[in-house]
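Enquirer: my questions are about this predicted structure, shown below with the sequence.
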Amino acid sequence: MEVRNETVIRGFILEGFPTIQYLGNLFFLVHLLAYVASITGNMVIIIITWVDYRLQTPMYILLSTFSFFECCFITTVVPKLLSIFLSGRQTISFTACVTQAFSFLFFGSIIFFLMAVMSLDRYLAICKPLHYPTIMNLKTCFLLVMICCALPFSLITGLVVKVFQLSFCGPHVIPHFFCDLGPLIHLSCSDTRSIEMLAFVLTSFILLTSLIITIIAYSNIVVTILQLPSAKEKKKAFSTCSSHLIVLSLMYGSCVFIYVKPKQTNRMDSNREAALVNTVVTPLLNPVIYTLRNKQVHQALRDALSWVSGLL
């Protein structure tokens, strides 16, 4: 931490998880394995999608894009968390802190919008199968991905610029394991009421908009599934949807708990556990959930393994 005139703070200390810091080595190993597994699983999806021509369809392009941003999202947070667990390096500069806060919100927002788009894609494929090829083509797919990236960037950049302009001259300990905007804003000695309200409005808009789209899409999917004549087909469809809904519930539930409230100063300790679900648990589940019952992905993996073994 650098200090100018003993008042202006140029760095912060991330508190992490002080109650379990004595188990740092154990938690480092657990989170390292989860991080490596998440990156590996998502990278496998990306590689086989772009290598196997059979998977170069809107559904799998969206899935591989989702996996790419999942890797970006967890890499924003987890390496610093590993550093805290292993070496106790809890300091972070002001610039790095704001950059981490921006990256976390930016990549996280892209993921939520992509989940909404993926839900719409499944809705069209299941509920409007005859119109699906003309509506969801590759051009539309890439356009939707660009919107999912451009919209969060335009929404979040202004907010983060305002946070960057705040004065920090008091406490310098952030009660979190990464630089989230809520705890960071709370440490400022400036008047933050307008920024807190702006952050509340923007995060609510991002979460609730994507959530409403996802709920509408899956509600129509469920109605369509219930109309299937075969009980076996219904069971198979519900089994696949239930897996997706578990991940969606974890992600939306934890984020709504953290962000969709006007005051960010309450229940800060609980927020850490909820944020851990988003940054460690769901990225680990996503590659498994989205490919577990997917026969095309299984076949592509088998073909890729056969090709690699042939080379060896």
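Expert: That came through, no problem. Everything quoted here is computed from the prediction, not taken from an experiment. Numbers count the residues shown, from 1 in each chain.

Enquirer: ranges for the helices of the stretch 201-312 of the chain?
Expert: 231-259, 268-276, 282-291, 295-311 (DSSP state H, counting those that start in this stretch).

Enquirer: ok, of these, where does mean pLDDT dip lowest?
Expert: Among the helices of the stretch 201-312 of the chain, helix 268-276 carries the lowest mean pLDDT, at a mean of 65.

Enquirer: quick one: least confident helix or strand in this structure?
Expert: Every helix and strand in the chain was compared by mean pLDDT, DSSP states H and E; the lowest is strand 3-4, with a mean of 41.

Enquirer: okay, strands next: where are they in the chain?
Expert: Assigned strands in the chain, in chain order: 3-4, 8-9, 11-14, 91-93, 173-174 (criterion: DSSP state E).

Enquirer: state the distance from the residue nearest the centre of the chain to residue 136.
Expert: Nearest residue to the geometric centre of the chain (Cα atoms, centre = their mean): residue 108, 4.1 Å. In this view, residue 108 and residue 136 are 25 Å apart by Cβ to Cβ, to the nearest Å. Bear in mind the C-beta positions are built from the backbone N, C-alpha and C, glycine included.

Enquirer: one more: residue 183?
Expert: In terms of Cβ to Cβ, residue 183 sits 40 Å off from residue 136.

Enquirer: again, but for residue 92
Expert: 42 Å.

Enquirer: contacts only, for residue 58.
Expert: Residues near residue 58 by Cβ atoms under 8 Å, 6 or more residues apart in numbering: 121, 136-138, 140-141.

Enquirer: ok, of those, which come out buried?
Expert: Those of the contacts of residue 58 that meet the buried threshold are 121, 136, 141, by 16 or more other Cβ atoms under 10 Å.

Enquirer: can I get those in TSV including distance to residue 97?
Expert: Formatted as TSV, these follow (distance: Cβ to Cβ, whole Å):
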residue	distance to residue 97
121	36
136	40
141	35
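
Enquirer: surely residue 188 and residue 166 touch.
Expert: Yes. Between residue 188 and residue 166 a contact is recorded at 4.2 Å, counting by Cβ atoms under 8 Å.

Enquirer: lowest average confidence across the strands of the chain, which one?
Expert: strand 3-4 (a mean of 41).

Enquirer: quick one: the spatially closest residue to residue 43 that is not a sequence neighbour from residue 37, how far?
Expert: In space, and not counting its chain neighbours, residue 43 is closest to residue 71: 6.9 Å by Cβ to Cβ, 6 or more residues apart in numbering. As for residue 71, its distance to residue 37 is 12 Å (criterion: Cβ to Cβ).

Enquirer: again, but for residue 141
Expert: 28 Å.

Enquirer: try residue 146
Expert: Residue 146 is 30 Å from residue 37, by Cβ to Cβ.

Enquirer: more neighbours: these two, which one.
Expert: Set residue 146 next to residue 37 and count neighbours by other Cβ atoms under 10 Å: residue 37 wins out with 14 against 10.

Enquirer: which pLDDT value belongs to that one?
Expert: 90.

Enquirer: do the same with residue 6
Expert: Predicted confidence (pLDDT) for residue 6: 41.

Enquirer: now residue 141: how far from residue 50?
Expert: 14 Å.

Enquirer: quick check: mean pLDDT of stretch 209-224?
Expert: On average, stretch 209-224 scores 89.

Enquirer: make residue 1 into 155 and carry on from there
Expert: Will do, 155 is the new start, and the previous item becomes stretch 363-378.

Enquirer: may I see the buried residues of that stretch?
Expert: Quick answer for stretch 363-378 (16+ other Cβ under 10 Å): 364-365, 367-368, 371-372, 374-375.

Enquirer: ditto for stretch 239-251
Expert: Those would be 239, 244, 246, 248, 251, for stretch 239-251 by 16+ other Cβ under 10 Å.

Enquirer: got these as a markdown table, with distance to residue 331 columns?
Expert: As requested, these are arranged in a markdown table below (distance: Cβ to Cβ, whole Å):
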| residue | distance to residue 331 |
| --- | --- |
| 239 | 9 |
| 244 | 9 |
| 246 | 11 |
| 248 | 18 |
| 251 | 12 |
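
Enquirer: and the least confident of these?
Expert: When these are compared, residue 244 shows the smallest pLDDT, 80.

Enquirer: verify the contact between that residue and residue 168 for me.
Expert: Yes. Look at residue 244 against residue 168 with Cβ under 8 Å: they come within range, at 4.8 Å.
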